[in-house]
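S.K.: below: sequence and its predicted model.
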Amino acid sequence: MEPDAGLNGSRTADGFVLEIPALLTLERPSETAHALLLENLTASFGFRKEQEVVRLGDARCASHFQSDRHEQPIHFLWEWSLTALATYEALRAGSVPVFDAVITGDLRHVLPGDPGCEPISVAHPVYEHGQLTYSRDLWVRMLRDLNIRDAVVVEIPFTSDPPNAWEGVWSALADARNAYEQGGATGWKGCIANVRHALEEWRKIEQEDQGPGWQPPPTGGLHSRTKVQRAENLRWHLLQFAHLAPHSSARDWDRDDALLALSTLTALLASRKP
């Protein structure tokens, strides 16, 4: 693999295809030895989290190669979905992009025979393990060139085992997701209605802490506010949330806080349609 050679990719309907450059050297052990044939090259990538490796996907090289070759440029193609990217970015958490890589392939001997019709031996599996590291700048530039980073992926925190008393919140969240996927006016209205239900279930577990001195508008004022005005309230509260950041320690903020601010802002702008 050549981490210094750059990264290129192209968009797909649900993500992108990443082109991983590499150099291949394939030489027979001696001049009298049979020629070698290498095919089915695959690079399996993962992210190492402590003692566990989270599998991210496979990149494949469609070509086959015959010795002798010395540092021949080749490419692996790796298909990513936006969901896979969101998962990896959460695991990476701003660190240098590092991938655990396992390279596999089938190596055969080309046996004597008529030119172009030579028999080949039974495949012998080859295996190599290592790590592939890219710079942050290179990774971010690749995503920006693909216009991937500008499509914010909202990470919905589904869990198969919600905490005690939170089952109602997660159930309503699942209903909201399903309604959103249904789409159309009915689906989107149902999504928002289920978000309301999830928030009401959350309130049963813990009340909002608005801080000292905060007073909600009177009931009449609440009922008279329009959809646009309620969105403006969200914008005002987001500004208050973000206002604290320049006046506090970096240790007080984490990736989830940044995702909350960024996804809320982009959703408000999308709704506003400036």
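M.R.: Thanks, I have it.

S.K.: switch to C-alpha atoms for all contacts and neighbour counts from now on
M.R.: Fine.

S.K.: secondary structure class for the nearest residue to L132 once chain neighbours are set aside?
M.R.: Excluding the flanking residues, the one nearest L132 by Cα to Cα, 6 or more residues apart in numbering is F99, at 5.1 Å. Here F99 is recorded as strand under DSSP: H, G, I helix; E, B strand; the rest coil.

S.K.: what's around F99, how many residues?
M.R.: Neighbour count of F99, defined by other Cα atoms under 10 Å: 20.

S.K.: OK, contacts around it?
M.R.: By Cα atoms under 8 Å, 6 or more residues apart in numbering, the contact set of F99 is 45-48, 131-133.

S.K.: what's the spacing between K273 and T266?
M.R.: In this view, K273 and T266 are 10 Å apart by Cα to Cα, to the nearest Å.

S.K.: between these two, which one's more packed in?
M.R.: Neighbours per residue (other Cα under 10 Å) separate K273 from T266, with T266 holding more: 14 against 7.

S.K.: and the helix or strand harbouring that one, what's buried?
M.R.: Applying DSSP states H and E as the criterion places T266 in helix 255-272. Neighbour-count burial for helix 255-272, counted by 16 or more other Cα atoms under 10 Å, picks out 262, 264-265.

S.K.: go on, stretch 21-34?
M.R.: Result for stretch 21-34 [16+ other Cα under 10 Å]: buried residues 21, 26, 28, 34.

S.K.: in strands, which of those residues appear?
M.R.: 21, 26 (DSSP state E).

S.K.: from the buried residues of stretch 21-34, which single one is nearest W139?
M.R.: P21 (14.0 Å; Cα to Cα).

S.K.: and the angle for the helix or strand encompassing T83 with helix 255-272?
M.R.: Assigned by DSSP H and E, T83 belongs to helix 82-92. On the basis of axes from the mean of the first three to the mean of the last three Cα atoms, to 10 degrees, helix 82-92 is oriented at 140 degrees to helix 255-272.

S.K.: avg pLDDT for helix 82-92?
M.R.: Here helix 82-92 scores 84 as its mean pLDDT.
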